[in-house]
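Predicted model and sequence follow; I will ask about them next.
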Amino acid sequence: MQKFDVLIVGAGLNGLVAALALGGAQCRSPLRVGVVDRTHPAQFAANTHDSRASALTAATQTMLGVLGIWETLLPFAQNMNDIIVTDSKSTDQRPSLLTFSTRDKTQSPAALIENAQIFKALLEEIGRSPSIDIMAPHSISGFHFGPGLASITLESGEILKANLIVGADGRGSPTRLAAGIDFEGSDYPQSAITLTVGHELPHQGRAEEHFGSTGVFAILPLMGNRSSIVWTEPHEVAKHICASADDEFLAALSEKFGNHLGKLSVLSPRHAYPLSMYLAKTFVGARVALLGDAAHVVHPLAGLGLNLGFKDAAALAETVMKAAHLGQDIGGAEVLQSYMQWRRFDTLATAGLLDAMNRLFANDDSVLRMVRKMGLQAVDSLAPLKNILIREAAGQVGDLPRLMRGLAA
């Protein structure tokens, strides 16, 4: 039997960030943290595993700076210098209805980094953190959530005990299921195709979001003459596109992309991910807290999903560290309710906004198209409102955890 302060189930990006926030070398008083996963996270750091990139907000960048990994990520970070939004059926006619320029700002609202690079940086820092143990590959055969210490039983028979178990194990979270927490929501009739492309001409740090009847087609700038693609289509269409021959796929992609950046080349495997929106009925239970996709799954429309999970990790770390400093039970109901109250409203509001935007834009109704066009043009003409939206995109609004304000938890 091993005893930890916190056991984290799931060694994805959210789980690893939570581990650093609670037990990293940069913490003022690191807790003893164990991370359990059936797959070792070193596999996630392989570029062939995941073709996705993430838009890390300025607030998230600040947090990663405190945790000691932002300098490692800087060589791979491409700032969003401009954001262009269009609403058009045709790639030949894509007038910009809404444009954000951040070139005159002291900091870009977000930077694009491939997920594999984020995994590598997190694992390097965890390797320098003696209070964190990664236990993988290990499958879990059972959970026990108190009333005393919580525990996890591995399939090997080993028992791991902790004051608190954190579920960071994705949308199908075994932790959430074992704790009996309901997951409510619905599936969208869409899948997102993701891949990395190369192009002849430089993108100048411009991000593009093109809305059509099937959903968004996003071109997100990466370092060099490369971009990350998020291409939304109905499930069967996305499945057919991903299964098509390489030359057929490239032709379809080029037609969707347009020719403004020259000839395209495919630089990564292509994957299709079904889209959905789900929220846990509660984020906490007896000696258990949920974060990231285990607590909420949102539409990738604005690239906010990972940032929401990192904000969960920062808020949980601050709540738990404060309780530990005061000598409180870090897995007690009062402590966990504080975390729940902090994060649930923000998550509900964000999920609701993204859902409404998707339903509004992924619609070919002529009246709605006119309303969308007028609305985007109105916003484009109001500089104060655009500045507010830039701050939202940077994640610098609301009750920010200490880590996202540049302070150790």
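Now that the structure is in, tell me what you want to look at.

Where does pLDDT dip in this protein?
Scanning the chain for pLDDT under 70 picks out 47-50, 88-98, 100, 102-106, 301-303, 357-397.

Quick one: list the elements packing against the top strand by length along it.
In the chain, assigned by DSSP state E, the strand with the most residues is strand 183-199. For strand 183-199, the packing partners by 3 or more CB pairs under 8 Å, 6 or more residues apart in numbering; DSSP states H and E come out as strand 215-222, strand 226-234, helix 235-243, strand 264-266, strand 271-280. Any C-beta I mention is one placed from the backbone N, CA and C, and that applies to glycine too.

now that strand, how far from the chain's geometric center?
13 Å (CA atoms, centre = their mean, to the nearest Å).

Let's have the helices and strands packed on strand 183-199 in CSV, adding mean neighbour count and distance to Thr153.
Output for these, formatted as CSV (neighbours: other CB atoms under 10 Å; distance: least, CB to CB, whole Å):
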stretch, mean neighbour count, distance to Thr153
strand 215-222, 24, 42
strand 226-234, 23, 39
helix 235-243, 16, 37
strand 264-266, 16, 44
strand 271-280, 18, 23
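
Reformat the ones you listed as CSV; add distance to Gly170.
Listed next are the helices and strands packed on strand 183-199 as CSV, based on distance: least, CB to CB, whole Å:
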stretch, distance to Gly170
strand 215-222, 22
strand 226-234, 19
helix 235-243, 20
strand 264-266, 27
strand 271-280, 11
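
Tell me, how many residues neighbour Val9?
For Val9, the neighbour count with other CB atoms under 10 Å is 27.

That should have said Arg344, apologies.
18.

That one: what's it in contact with?
Arg344 makes contacts with Thr282, Phe283, as judged by CB atoms under 8 Å, 6 or more residues apart in numbering.

Please state the backbone phi and psi of it?
Dihedral pair for Arg344: phi -70, psi -40, per degrees, to the nearest 10.

Quick check: the gap between it and Ala295.
9 Å (CB to CB, to the nearest Å).

Give me the common contacts of those two.
Common contacts of Arg344 and Ala295, defined by CB under 8 Å, 6+ apart, comprise Phe283.

looking at this, Val320 is in a strand?
No - applying DSSP: H, G, I helix; E, B strand; the rest coil, one finds Val320 to be helix, outside a strand.

Surely it is in contact with Pro30?
No - applying CB atoms under 8 Å, one finds Val320 not in contact with Pro30, separated by 11.7 Å.

any common contacting residues for the two?
By CB under 8 Å, 6+ apart, the residues touching both Val320 and Pro30 are Leu22.

Which one's more surrounded, the two?
Taking neighbours as other CB under 10 Å, Val320 and Pro30 compare with Val320 leading, 28 against 18.

and that one, what is it in contact with?
Val6, Leu22, Leu31, Leu164, Ile330, Val335, Tyr339.

if we go to 6 Å?
Ile330 (CB atoms under 6 Å, 6 or more residues apart in numbering).

Now do it against Lys281, distance only.
Val320 is 22 Å from Lys281, by CB to CB.

those strands in the stretch 1-150 of the chain, which residues are they?
Assigned by DSSP state E, counting those that start in this stretch, the strands in the stretch 1-150 of the chain fall at 2-9, 33-36, 53-57, 78-79, 82-87, 98-101, 110-114, 132-135, 140-144, 150-154.

re the thing from before, out of the helices and strands packed on strand 183-199, which is closest to Leu291?
Leu291 sits nearest to strand 271-280 of all the helices and strands packed on strand 183-199, at 10.0 Å, using CB to CB.

Would you mind identifying the next helix or strand past that closest one?
Next along the chain after strand 271-280, taking DSSP states H and E as the criterion, comes strand 284-285.

Show the secondary-structure elements that the next helix or strand after that next one is packed against.
Sequence-wise, the next helix or strand downstream of strand 284-285 (DSSP H and E) is strand 288-290. Using 3 or more CB pairs under 6 Å, 6 or more residues apart in numbering; DSSP states H and E as the contact criterion, the elements in contact with strand 288-290 are strand 159-167.

how many neighbours does Phe145 have?
When neighbours are defined as other CB under 10 Å, Phe145 has 19 of them.

Pop out the phi and psi values for it.
Main-chain torsions, Phe145, degrees, to the nearest 10: phi -110, psi 30.

so what's it up against?
Counted by CB under 6 Å, 6+ apart, Phe145 has contacts Ala286, Arg287, Val288.

Pick the one among the residues you listed closest to Ser244.
Set against Ser244, the nearest of those by CB to CB is Val288 (43.4 Å).

Surely the closest one is in contact with Leu177?
No - taking contacts as CB atoms under 6 Å, Val288 lies outside contact range of Leu177: 11.2 Å.

secondary structure class for the closest residue in space to Met63 that isn't next to it in sequence?
Spatially, and ignoring its direct neighbours in sequence, Met63 is nearest to Leu403 (4.3 Å; CB to CB, 6 or more residues apart in numbering). Here Leu403 is recorded as helix under three-state DSSP.
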